[in-house]
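[1] following is a predicted model, sequence given first.
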Amino acid sequence: MSQEKYGKRRQITFRITALAEERLEQVAGLFNLTPAQYAKACLYRDLGCYLEPLDRRRTRHKRRGWVLTWERGEVPE
């Protein structure tokens with residue numbers, strides 16, 4: 001997406017209560033988003049900015065080293 005199409009990016013910050021933070025983390029987890037991504041998506045939804053990109057940064061997924069429990073010395077149930 002070009003800067004001419006959407007304009008210059010702006011950064012905003014706001015404070016929330018501990019209860020709001022807890023609920024934000026819970027709800028963002030339901031959609032596999034970070035709290036910041038979920039808050040941004042809600043803001044864009046409420047403002048009617050559906051065509052704007054939510055987050056253009058690429059994230060790397062961590063490789064998980066799957067090890068069976070019996071290989072770690074634990075007894076399976």
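    Structure's in. What do you need?
[2] what number of residues lie near Leu33?
    16 (other C-beta atoms under 10 Å). In short, each C-beta sits where N, CA and C put it, glycine included.
[3] just give the closest residue to it, not the sequence neighbours.
    Ala41 (7.0 Å; C-beta to C-beta, 6 or more residues apart in numbering).
[4] please give me every residue in contact with Phe31.
    Residues in contact with Phe31, defined by C-beta atoms under 8 Å, 6 or more residues apart in numbering, are Tyr38.
[5] distance of it from Lys8?
    28 Å (C-beta to C-beta, to the nearest Å).
[6] specify the local secondary structure of the residue nearest to Leu33.
    helix (DSSP: H, G, I helix; E, B strand; the rest coil).
[7] what pLDDT does it get?
    Listed pLDDT for Ala41 reads 88.
[8] what does Gln26 give?
    95.
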